[in-house]
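**Q** no sequence on this one, just coordinates:
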């Protein structure tokens, strides 16, 4: 059992209070996933030519300002450390792939949680309530966000094994369920050049999506490919720079609820996580059908 | 009873301020004819689990909003109405009484139910009436895949469509579908709709408060009895 939440703002009021709403939703899903929690928040796009990285350090004394200076020396600009608990966000004057490669070489002790223009990923072991407090989740503004509370079944309870899993630039995945063919699929994807950092089943689904997207599939096509290539139980919520998408496996044992008002679109494992949103009582609410991709995207200006 | 009297008679419990266990305990305390309110109105369920679960008393409970898992589970004698949607396991193992949902029900509605009536005015998701053992279920909308799986006795009435594998491994429950049954499960077959079935359907629709449908528009499904009733001649079917 795990808990999933997602919120997509359709008004500036909801954008400004995104973190507050996300925190309330995530807290409702604590019982479904007391082992660890995580969120992906989409906000404050990096300028063109620059990119945004979220980094994790297991060292509580990590000197993030020194890293900012290193990044300035390497790429120029004026990167500053946006520190939240064990994570820090940097806007770097370089393409995401270049900045990510530099971090992996120069600072192998750090873990890149996310890379792209707008995505920020924060995740940590422990009770979701504690995560919400440590990471000051209520402060966030943003256009849309995903969250996850984990009850581990397939692999160890670690920060790296927590969700969301980044699946490529600005793309991430949260998962309720368990996959049974992840070992074989991981080997196949490794041969395709996809890198994995854990033995976690969800990371394989994330890698699968990254591979399909790299090969030119649309997000919808990549998700539909899951129906053929993944064996197991899943409700997936996938975040992109422009929105999010939901897919349940055809057996559909894992719950999911969708709801929409003029102000927001919300997805959650259970209604109680959506009931905390303003105007929820009057929202259109329904259960997504098995094997069908539901997607919302921001209007591209 | 006048409308005013009905209103004053209802015991209002707001789950925004009252713990769920307190509500359910008060409802359980009404068993065996104990004194107490016979009409209840529950506010702000907000997706809570097990609301009005385990009642064993002739009471009426109105729930104003969406509920989570296992609402009205193990219901006996009571009438429970949900003015909203219900989560998984609605009225699971219902024994008697009536459970009505205005909106949609998630998966496994009426699972293992032994008696009573469950009415869903919207759609019910997958596995509606799974392993039902005597409950009657009427769904105004459609049901998802594997509905009526291993259904033993009772009637499942679907006014809309039924998803894949309807009535898979069904025993002696009777299934009626007005719309499309996209794919029947193992050992589930269409059967002739005779007058006694039309009469049965008319009675169930009446009980569910549905008066605009003609029983003759339904198709009947049930067990081919090749799977559960083992004969060595049928070994090839296993």
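**A** It's in. In this text the structure is predicted, and so the values were computed from the model without any measurement.
**Q** remind me what whichever strand or helix holds residue A:146 packs against, helices and strands.
**A** Assigned by DSSP states H and E, residue A:146 belongs to strand A:144-150. Helices and strands touching strand A:144-150, by 3 or more Cβ pairs under 8 Å, 6 or more residues apart in numbering or on different chains; DSSP states H and E, are strand A:3-9, helix A:18-28, strand A:36-42, strand A:171-179, strand A:232-239, strand A:243-248. C-beta coordinates here come from the backbone N, C-alpha and C atoms, glycine included.
**Q** residues from the stretch 1-150 of chain A in reach of chain B?
**A** Applying Cβ under 8 Å from any Cβ of the partner chain, one finds that the stretch 1-150 of chain A approaches chain B through residue A:28.
**Q** change it to 6 Å
**A** Contact residues, the stretch 1-150 of chain A versus chain B (Cβ under 6 Å from any Cβ of the partner chain): none.
**Q** show me where the stretch 1-150 of chain A has helices.
**A** A:12-16, A:18-28, A:64-75, A:96-106, A:128-134 (DSSP state H, counting those that start in this stretch).
**Q** quick one: average confidence on the shortest one?
**A** Read it as helix A:12-16. Helix A:12-16 comes out with an average pLDDT of 98.
**Q** and the longest one, by the same measure?
**A** When the per-residue pLDDT values of helix A:64-75 are averaged, the result is 96.
**Q** what's the angle from it to helix A:96-106?
**A** Inter-element angle recorded for helix A:64-75 and helix A:96-106: 120 degrees (by axes from the mean of the first three to the mean of the last three Cα atoms, to 10 degrees).
**Q** check the offset of helix A:64-75 from the chain's centre.
**A** 26 Å (Cα atoms, centre = their mean, to the nearest Å).
**Q** over to stretch A:210-225?
**A** With Cα atoms, centre = their mean as the basis, stretch A:210-225 stands 17 Å off its chain's centre.
**Q** can you check stretch A:149-169 too?
**A** For stretch A:149-169, the distance to the chain centre is 10 Å (Cα atoms, centre = their mean).
**Q** ok, and what's touching that stretch?
**A** Here stretch A:149-169 makes contact (Cβ atoms under 6 Å, 6 or more residues apart in numbering or on different chains) with A:1-3, A:29-30, A:32-33, A:35-38, A:40, A:96, A:114-116, A:121, A:123-125, A:128, A:146, A:148, A:172-174, A:178, A:197-203, A:206, A:209-210, A:213.
**Q** buried set for that stretch?
**A** A:149-150, A:152, A:154, A:158-169 (16 or more other Cβ atoms under 10 Å in any protein chain shown).
**Q** for it, measure first residue to last.
**A** 23 Å (Cα to Cα, to the nearest Å).
**Q** show me what from chain B comes close to chain A.
**A** Going by Cβ under 6 Å from any Cβ, the residues of chain B near chain A are B:46-47, B:66, B:68, B:85, B:106, B:125-126.
**Q** chain center to stretch A:215-234, what's the gap?
**A** Per Cα atoms, centre = their mean, the centroid offset for stretch A:215-234 relative to its chain is 17 Å.
**Q** please see if that stretch touches chain B.
**A** No. Stretch A:215-234 lies out of reach of chain B by Cβ under 6 Å from any Cβ, never closer than 12.7 Å.
**Q** what residues does the residue in chain B that chain A sits nearest to make contact with?
**A** Residue of chain B nearest chain A, by Cβ to the nearest Cβ: residue B:47 (3.2 Å). Neighbouring residues of residue B:47 by Cβ under 6 Å, 6+ apart: A:270-272, A:275, B:66, B:68.
**Q** of those residues, select the buried ones using a ChimeraX command.
**A** Here is the ChimeraX selection string for the buried members of these, based on 16+ other Cβ under 10 Å:
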select /A:270,271,272,275 /B:66,68
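**Q** how far does the helix of greatest length in chain A sit from its chain's centre?
**A** Of all segments of type helix in chain A, defined using DSSP state H, the longest is helix A:201-214. Centroid separation between helix A:201-214 and its chain, computed with Cα atoms, centre = their mean, is 13 Å.
**Q** how about stretch A:102-111?
**A** Worked out by Cα atoms, centre = their mean, stretch A:102-111 lies 21 Å from the chain centre.
**Q** tally of neighbours for residue B:220?
**A** 19 (other Cβ atoms under 10 Å in any protein chain shown).
**Q** same thing with residue B:120?
**A** 31.
**Q** my guess is it meets residue B:141, correct?
**A** No. Counting by Cβ atoms under 6 Å, residue B:120 does not reach residue B:141; the two are 7.1 Å apart.
**Q** quick check: closest non-adjacent residue to residue A:232.
**A** residue A:179 (3.7 Å; Cβ to Cβ, 6 or more residues apart in numbering or on different chains).
**Q** bridged to the spatially most central residue of chain B, which residues?
**A** Centroid check for chain B by Cα atoms, centre = their mean gives residue B:118 as the closest residue, at 2.8 Å. Using DSSP bridges, the bridge partners assigned to residue B:118 are residue B:99, residue B:137.
**Q** my guess is it meets residue B:91, correct?
**A** Yes. With contact defined as Cβ under 6 Å, residue B:118 reaches residue B:91; the gap is 4.8 Å.
**Q** overlap in contacts of those two?
**A** In contact with both residue B:118 and residue B:91: B:99, B:110, using Cβ under 6 Å, 6+ apart.
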